[in-house]
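Sequence isn't available, so here's the structure alone:
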């Protein structure tokens, strides 16, 4: 029996590993295989002319690519030399190549009518107002937040708000909660996120359910994602901005095309919340872990709390009248 279970587990692992290969390296262009032979491995081989022999060395962890994430990125069909210099085709690479400026999103997408829908030029304009550009200038490129290798258009393609929030916040935390990357652009100590946000009620819940950029950007209705990152002293600290009927979240997190089933009317608004957040519930009874208090109204709750309120008031009035009669 144990032998059969062991065989079954081995089979599952083999199938899973095969799936990863299919979803990973085999999904990238053939021209990239030579690059990934080293850059998808923990080690690389090089001929040492001094010792006249082939030697294996450890690859810099920052240059190791995850082929599964690479295959899921928006640029997975590109050749490496579309963005990197064609001189990288020569191995070993010339060390001076690392000093060349990296390609930016605007180098390809700027002024191109093919990508006009995504307004890259306007994104660049907004970014140049941000604290990142103000502090670091051209040194702070798109790649500081958006990995050209792994970037996925999650906000445009996902209907799962939790996934959108997690993906977006991981971009911010990849630097602001990573001492190594943070010191590439700053000489200061890595900020203590918990202490800085100590004023925020239910801090952990906010971090899981709301993107950093909801409070730390100047929201632009005409842009899908605002890129004007504000200085921390200008960040939103007014709870009403989100916890109100005209919530700021409706102009940012909830404005994506695949989430626009929301309407202003009560009944339709309730149903839109149920569908948006994938809640299994009837029209009369539902729960949602993503419901933002004050951000929208649900008719059932309005009626329920109205009944409770008037029942309580009615009970007090009747009790008072009965006491007066008995006196």
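Yep, it's here. Because the structure is a prediction, the values reported are computed rather than measured.

which regions of the protein sit below the pLDDT cut-off?
1-27, 245-246, 255-298, 327 (pLDDT under 70).

For residue 170, what is the enclosing helix or strand?
For residue 170, the enclosing helix or strand under DSSP states H and E is helix 161-176.

Check which helices and strands whichever helix or strand comes after that helix sits against.
Next helix or strand after helix 161-176 toward the C-terminus (DSSP H and E): helix 179-182. Packed against helix 179-182 by the contact rule (3 or more Cβ pairs under 8 Å, 6 or more residues apart in numbering; DSSP states H and E) you find helix 161-176. No exception for glycine: its C-beta is placed from N, CA and C like everyone else's.

Please enumerate residues in contact with the helix it packs on?
144-146, 152, 154-155, 158, 181-182, 185, 190-191, 193, 207-213, 253-254, 256, 259, 276-277, 290 (Cβ atoms under 8 Å, 6 or more residues apart in numbering).

Can you give me the buried ones in it?
Of all the residues in helix 161-176, those buried under the rule 16 or more other Cβ atoms under 10 Å are 161, 164-165, 167-169, 171-172, 175-176.

Same question for stretch 65-72.
Result for stretch 65-72 [16+ other Cβ under 10 Å]: buried residues 65, 67-71.

Filter these down to just the ones in helices.
Of those, the ones assigned to helices by DSSP state H are 67-71.

out of those, who's nearest residue 100?
Distance to residue 100 across these (Cβ to Cβ) is lowest for residue 70, with 21.6 Å.

got the contact list for that closest one?
24, 28, 76, 149-150.

hmm, 7 Å instead?
With contact set as Cβ atoms under 7 Å, 6 or more residues apart in numbering, residue 70 has these partners: 28, 76, 149-150.

And it, how far from residue 58?
Distance, residue 70 to residue 58, by Cβ to Cβ, to the nearest Å: 21 Å.

How about the secondary structure of residue 44?
Three-state call for residue 44 (DSSP: H, G, I helix; E, B strand; the rest coil): strand.

what's the closest non-adjacent residue to it?
Distances taken as Cβ to Cβ, 6 or more residues apart in numbering place residue 38 nearest to residue 44, at 4.1 Å, with adjacent residues excluded.

what helix or strand is that neighbour on?
Judged by DSSP H and E, residue 38 forms part of helix 33-39.

Helices of the stretch 1-150 of the chain, start to end?
2-23, 33-39, 67-72, 80-83, 105-109, 120-127, 131-136 (DSSP state H, counting those that start in this stretch).

Tell me the buried residues in the shortest one?
For helix 80-83, a neighbour-count test (16+ other Cβ under 10 Å) marks 80, 83 as buried.

Same check on the second one?
Using 16+ other Cβ under 10 Å as the test for burial, helix 33-39 gives 35-36, 38-39.

Save the residues you listed as JSON lines, and put in distance to residue 324 too.
Output for the buried residues of helix 33-39, formatted as JSON lines (distance: Cβ to Cβ, whole Å):
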{"residue": "35", "distance to residue 324": "89"}
{"residue": "36", "distance to residue 324": "87"}
{"residue": "38", "distance to residue 324": "90"}
{"residue": "39", "distance to residue 324": "86"}
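
and of the ones in helices among the buried residues of stretch 65-72, the nearest to residue 228?
residue 69 (27.9 Å).

can I assume that closest one is in contact with residue 150?
Yes - Residue 69 lies in contact with residue 150 (Cβ atoms under 7 Å); the separation is 4.3 Å.

Which neighbours do these two have in common?
By Cβ under 7 Å, 6+ apart, no residue touches both residue 69 and residue 150.

remind me, longest helix of the protein?
helix 299-326.

How far does it sit from its chain's centre?
47 Å (Cα atoms, centre = their mean, to the nearest Å).

Next: stretch 184-198.
Distance of stretch 184-198 from the chain centroid (Cα atoms, centre = their mean) equals 20 Å.
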